[in-house]
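> just a sequence and a predicted model for now, questions to come.
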Amino acid sequence: MTEYALDWRADGACQSADPDLFFPIATGVVAAKAATKAQRICAGCRVRQQCLDFAMRTGEIHGIWGGTTPEERIRVRRRHMRRRRARRSWAQDPEVRAS
C-alpha cells in the first residue's frame, strides 16, 4: 500500500468546518451551495495545494479537495492525459521528428 504524508491535514482550514460541506450528500442547488461554502473555506487555507496534490495523486472522486470539485479534478486529469498522449505520439512518429 502506498503511504502519503498526511501531516498537512492538521493545518487545514477545514478542520473546524462541517465535513458535510466538503462531502455533500444532497444534489442540485443544495449541493452547489455547500460546495461554494467549502470552496470559500479552501480559498484561505494554508495547505490548499497539498490538499489538491493529495486528491490528484490518490484519484479522489468525491468531495471538495484543495478548493476543487470532483468535476474540476476530472477536467484537469483529462487535460493532462491528452497532453501526455500528444507528447507520446509526437515522440513515436519518425516523420514528425525528422521535420
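Received the coordinates, thanks. Numbering: from 1, shown residues only.

> helices of the chain, residue ranges please.
Taking DSSP state H as the criterion, the chain contains helices spanning 19-22, 28-43, 48-58, 70-92, 94-98.

> can you put those helices in CSV and add distance to D11 and mean neighbour count?
C-beta: built from backbone N, CA, C; applies to glycine. Listed next are the helices of the chain as CSV, based on distance: least, CB to CB, whole Å; neighbours: other CB atoms under 10 Å:
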stretch, distance to D11, mean neighbour count
helix 19-22, 16, 15
helix 28-43, 13, 15
helix 48-58, 9, 17
helix 70-92, 21, 11
helix 94-98, 46, 8
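
> dump those helices into TSV; add distance to L6 and mean pLDDT as well.
Below are the helices of the chain laid out as TSV (distance: least, CB to CB, whole Å; pLDDT from 0 to 100):
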stretch	distance to L6	mean pLDDT
helix 19-22	16	92
helix 28-43	17	93
helix 48-58	8	95
helix 70-92	18	86
helix 94-98	43	56
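
> what's the closest of the ones you listed to D7?
Taking CB to CB, helix 48-58 is the member of the helices of the chain nearest to D7, at 9.2 Å.

> and the closest one, what does it pack onto?
On a contact count with 3 or more CB pairs under 8 Å, 6 or more residues apart in numbering; DSSP states H and E, helix 48-58 meets helix 70-92.

> surely W8 touches C51?
Yes - counting by CB atoms under 8 Å, W8 touches C51, with 7.0 Å between them.
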